[in-house]
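Participant: model the following, please.
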Amino acid sequence: MEASTVSEPPLPSLQLQSSWLEVFPSEKVELRYKSILTITAAAQMISGSYSCKGQHKTSSVGTLSSSSLKVTVYQNTPKATLSQSPNFNKMFPGEQINFTCLVDVASGWEYQWYHNGTKIQALDTYTIASIDHSNSGEYFCKAKRGRGQFYTEQSETTSVQVSDPPTPSLKLLSPWLDVFKGESVHFSCEVSESDWTYSWYKNLHKIEDLEDDESSHNLTSVTQTDRGDYACRAHLEDRGVTSGLSNTATVKVYENTPEPTLSKVPDFTPMYAGETVTFTCTVKMSTDWIYQWYENGENIPSATGKTFSLPLSLSNGGNYSCKATRGETTSTSQSAKIQLDVHEIPVPHLKTMTQWLDVFPTESVKLSCVMLPGSGWIFTWYKAGEEVKADDAVSFDPDGSILSISSASAKHEGPYKCKGHLKDRSVSSNTASELTLTVYAKMPSVVLTQDPEYKVMFPGESVSFSCHINVSSGWEFFYNNLKRLSHAGIKYSINSTRPSDKGSYTCQVKRGRNQVFFSNPSQAILLDVKEEHPKPVMSQEPKADKLYVGESVSLDCKVEISSGWEYLWSKDGVALPHRSRTFKIHDANSSVNGSYECTAKREKSAYRTQPSDRRSLQISEIPVPQLKHGWLDVFPSESVRLSCGMEEGISDWTYTWYKDKQKVQADDTLSFDSDARTLSISSAAAKHAGRYSCSGKLKSRPVYSTNSSERTLSVYDTKPRVTLMQEPEYDVMHTWDSVSFSCHINNSSGWEYLWYKDGTPLPLQSGHNYNISSVATKDTGSYTCQVKRGVGVILQSQQSQAVKLDILERPKATILLLTDWSEVFATDSLVLRCEVQASEDKWNYTWFREGNQINEPTSEKHVVTPQNDPKQSLYQCQGIRTGQPSYSKFSDSFKTKNLLLKRRVLLSISGCLFFGLIAVLLGCIVLRFIRKPAVDDDKPEEENLFLTMAQLKDRSDAPDPMVEYLTDEGLNALPKEADENGTLPITTEEGQALTTMSDDTEENKGGLVSFKQ
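Facilitator: Just a heads-up that it's a prediction; the model follows:
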């Protein structure tokens, strides 16, 4: 028996399966020995040292504990730390910057970087080798580890600002950039930040002999070599940053000092006391000059500016000059001298240029203001202390020296003064002594009178005109009649008027010589001298050709020209005791009928006119109006029009209407036109029935007629009824039939008939009938009718009952050929049969030859023979019957030919061909047996029994078996008929085949065709 071995239990080895023993909440730690222990870091209490030991599966033997592994659980999520190097607040383009991200606990971190919230690729260090403006912004980082992607908190944000280096500012410390030889110029270069050093440039080239850190640059005792453009740059030595060039300053160096230029404003000669003069000393080179002024060679201590202003008095006349200095070393020469003359201001003189200072309205006035001595003056005028302004009556010459009043009025009256001013200068004179202008309140009044005052004179009468003026004196009188008259006194007389004296007379006055003032013309007096003898005009009131009994009439006699007339009247040549212009007749009757005439004479002379034209006065009886109407029996809601009028002058009257002797008043259904000539009832009702009459009144005068005769208006209780009838009364008709519809109404008249088919209106028909002379299938439909009448308000009946009409296509007849092939040798005729297609009705038939009816009993068959149709005519047939339809359409035309003769000819040709072939065949067999053979050279040329068509045509002796047979007239006509009519009208197949054979024969000119082709 073998001895057993006792061993120590194995020592387990605990291994870390995950990556870390230092973990954070939610991370896991995996430990392995034989099996895996997963620890989830849920809380800090899970931290500690972990070990394991084994236990035998079948015994109680256990191992020792393994070595321990310490697990650390951090309570909080770590936060990344971001650092920057270099750590400047502001970076400049081209510099390098480094960022470092660090998590100071645990290990195994992988870092992530962010710029302005956008993730960027980097390791734990992020370097920008050459920074630019696009790198400005906010930076932060965070870390992650493990397959579960555990993330730290993100770091604090670091802001990076990338800016261009500051541009230095070049400043001038000395007064001037444009200098003279020996003067100094001083510059400084500045930036807004410290720690910068500077370098200087002239004309873009660095000035090498200066220290780099100097912020100022001085030019002492300048020469021409120092002129140019100066600038500077700034530098950060420790960071290698250089700014751009500063602004430039241009130094100008003048060789010689300039000569000043002296000017004077205003530059007038002479100057007047009270004016102010300003001298200006100008040095065209450089700036900042200090000036010295001289009067008559003596320095003016108080004047040191570029300009020198001096209020003038008479003592300021003399010579003036200047010079300029700056600094301690620079001074110009003295300017050229300017002579200044100072005078006292003169006083103007006022005088009148017209002959008087007392004027009338519209007269002109001229005043002048003169300044002695001197020129260039403009003048201002004053009236009663107020400045005079130009207006539509007041004007001035260009310098204002002359005041002109073109048309004086009261507002121009008063004392006038004037005052002078030098143009464009502040020089004003004292006012001149005044002149007073007097203006009368109104124009002088001129009045013209005539004696006698007749507007129309007649040859030989005398007349005189007088001109009167009510104010002033020294007037000159003159008269006008289209042209100025030679007379110049107060009175102008015409002793004996003539037609040449007529016209418009005025008078006028004037005064003055150089500037003549005319008064307004007097009122015009129109004098008319008539050469012809005047004739009075008689008028009548009322102005009517026809007057009626009971009216008042007034006759008026008037001489259209002149005045002062007395009138004489006569009737039928007998003088009437009446002297006034108007002759009145009251309550006229037939006794005043007659011819009236009047004559006029002057009141102050025996001058008489011609007699007036005669006027006939005729008094008539008042007419009676007539009542007119349309229809007087109407239906409810129908309109009615009654008219009332006189036989003559119908539009001269207005009318009044009566119903049953009572005056008719307008209401909602009854109205009148403007003269009530027409009475209109828009919708008749039972209340409108009655006896109507009318009377008239003359529009222009109170003349009334008696009533017209009465007319009775009847109103039915119901609307009209319409009945539609058809003739003939067939429900079904056929094309070509005629049909007539009639529309009947039971009462009244004046109807207009409306027709409808299937509810669609048909064209208007005159009368109550609607006729269709030849119906077609399109006329199938349902027919109704309706009536209406009226103009404004239409009365329309209900539609009638519907009448339905069906139109069928009329059947057509057809001709058939009944003669067959088997009958060719037994008969010499053709049998034609007529039948109506698709009809089972019994028909009789009528036959037509060449459009004419054949006078034979009606039959469905017709026999054609050479005797009854030698000319081969066109045949038609038509079916007739007693029912509907009573006749059919005509058949198509059928043309006969000599069909029997053609069939026999063709059959004979066929027989000849058959027996000819048999004979030829037998002949060939006999010759073959009875004829001796011969040597080939001695053999006669064997005759070719079967010739081609071309050979037959070349031989003149070739027999034509058809020539001797086809000699009759019918056969000779066959080809011609075929050419004229085309193929034969044969309906059977045998006939068609025969026609084809005949055509082939024709093509070969009637001869037989050989077997050899």
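
Participant: switch to C-alpha atoms for all contacts and neighbour counts from now on
Facilitator: Fine.

Participant: can you tell me the SS state at Tyr382?
Facilitator: For Tyr382, the secondary structure call by DSSP: H, G, I helix; E, B strand; the rest coil comes out as strand.

Participant: tally of neighbours for it?
Facilitator: Per other Cα atoms under 10 Å, the neighbour tally for Tyr382 reads 17.

Participant: with Ile815 instead?
Facilitator: Neighbour tally, Ile815, other Cα under 10 Å: 22.

Participant: measure it to Trp381 for me?
Facilitator: According to Cα to Cα, to the nearest Å, Ile815 and Trp381 sit 131 Å apart.

Participant: residues in contact with the helix or strand Ser740 falls within?
Facilitator: Ser740 belongs to strand 739-745 when assigned by DSSP states H and E. Residues outside strand 739-745 that contact it (Cα atoms under 8 Å, 6 or more residues apart in numbering): 720-728, 753, 768-775, 785-786.

Participant: are any of those residues buried, and if so which?
Facilitator: The neighbour count (16 or more other Cα atoms under 10 Å) marks 720, 722-726, 753, 768-770, 775, 785-786 as buried among those.

Participant: strands - which of those residues land there?
Facilitator: 722-726, 753, 769-770, 785-786 (DSSP state E).

Participant: next, count neighbours for His133.
Facilitator: His133: 15 surrounding residues under other Cα under 10 Å.

Participant: mind listing what it touches?
Facilitator: The neighbourhood of His133, defined by Cα under 8 Å, 6+ apart, consists of 93, 162-163.

Participant: can you pick the most crowded of those?
Facilitator: Val162 (20 neighbours).

Participant: need the helix or strand of the chain with the lowest average pLDDT.
Facilitator: helix 989-1003 (a mean of 35; mean pLDDT, DSSP states H and E).

Participant: remind me, longest helix of this protein?
Facilitator: Taking DSSP state H as the criterion, the chain has its longest helix at helix 899-930.

Participant: about what we covered before: let me see the mean pLDDT of the strand holding Ser740.
Facilitator: For strand 739-745, the mean pLDDT works out to 91.

Participant: how far out from the middle of the chain is that strand?
Facilitator: A distance of 57 Å separates the centroid of the chain from that of strand 739-745, by Cα atoms, centre = their mean, to the nearest Å.

Participant: how about stretch 480-492?
Facilitator: That offset, for stretch 480-492, works out to 69 Å (Cα atoms, centre = their mean).

Participant: contacts for that stretch next, please.
Facilitator: With Cα under 8 Å, 6+ apart as the test, stretch 480-492 has contacts from 464-468, 476-479, 503-507.

Participant: most widely separated two among these?
Facilitator: Spatially, the most separated pair among those is Glu476 and Gly503, at 22.5 Å (Cα to Cα).

Participant: which one of the contacts of His133 is nearest to His343?
Facilitator: Using Cα to Cα, Ser163 is the member of those that lies nearest His343, at 72.2 Å.

Participant: just the pLDDT for that closest one.
Facilitator: Reported pLDDT at Ser163 in the predicted model: 90.

Participant: so who does it touch?
Facilitator: 90-93, 133.

Participant: now the closest residue to Lys719 other than its chain neighbours: how far from Ser683?
Facilitator: Nearest non-adjacent residue to Lys719, counting by Cα to Cα, 6 or more residues apart in numbering: Phe635, 5.7 Å away. Applying Cα to Cα, the value for Phe635 to Ser683 is 9 Å.

Participant: and for Ser19?
Facilitator: Ser19 is 114 Å from Ser683, where distance means Cα to Cα.

Participant: who's more crowded, these two?
Facilitator: Neighbours were counted for Ser19 and for Ser683 using other Cα under 10 Å; Ser683 has more, 19 against 14.

Participant: how about that one, nearest residue that isn't a chain neighbour?
Facilitator: Ser637 (3.9 Å).

Participant: try Ala441
Facilitator: Ala441's closest residue in space is Ala410 (Cα to Cα, 6+ apart), at 5.7 Å.

Participant: shaky segments in the stretch 551-700 of the chain?
Facilitator: Scanning the stretch 551-700 of the chain for pLDDT under 70 picks out 604-606.

Participant: other SSEs contacting the host helix or strand of His186?
Facilitator: Per DSSP H and E, His186 falls inside strand 185-190. Other helices and strands packing on strand 185-190, by 3 or more Cα pairs under 8 Å, 6 or more residues apart in numbering; DSSP states H and E, are strand 169-172, strand 216-219.

Participant: ok, and which of these has the densest surroundings?
Facilitator: With neighbours defined as mean count of other Cα atoms under 10 Å, these peak in mean count at strand 169-172, which reaches a mean of 18.

Participant: neighbouring contacts of it?
Facilitator: Contact with strand 169-172 is made by 185-191, 231-232, 246-249, as judged by Cα under 8 Å, 6+ apart.

Participant: can you tell me the average pLDDT over that strand?
Facilitator: According to the model, strand 169-172 has a mean pLDDT of 91.

Participant: grab the nearest non-local neighbour of Ser705.
Facilitator: Taking Cα to Cα, 6+ apart, and ignoring the residues beside it in sequence, Ser705 has Gly696 as its nearest neighbour in space, at 5.2 Å.

Participant: is it true that the one you found touches Tyr704?
Facilitator: Yes. Judged on Cα atoms under 8 Å, Gly696 makes contact with Tyr704 at a distance of 5.9 Å.

Participant: okay, the two: which has more neighbours?
Facilitator: When neighbours are counted by other Cα under 10 Å, Gly696 and Tyr704 differ, and Gly696 comes out ahead with 29 against 18.

Participant: Provide a list of residues in contact with that one.
Facilitator: 624-625, 645, 653-656, 704-707.
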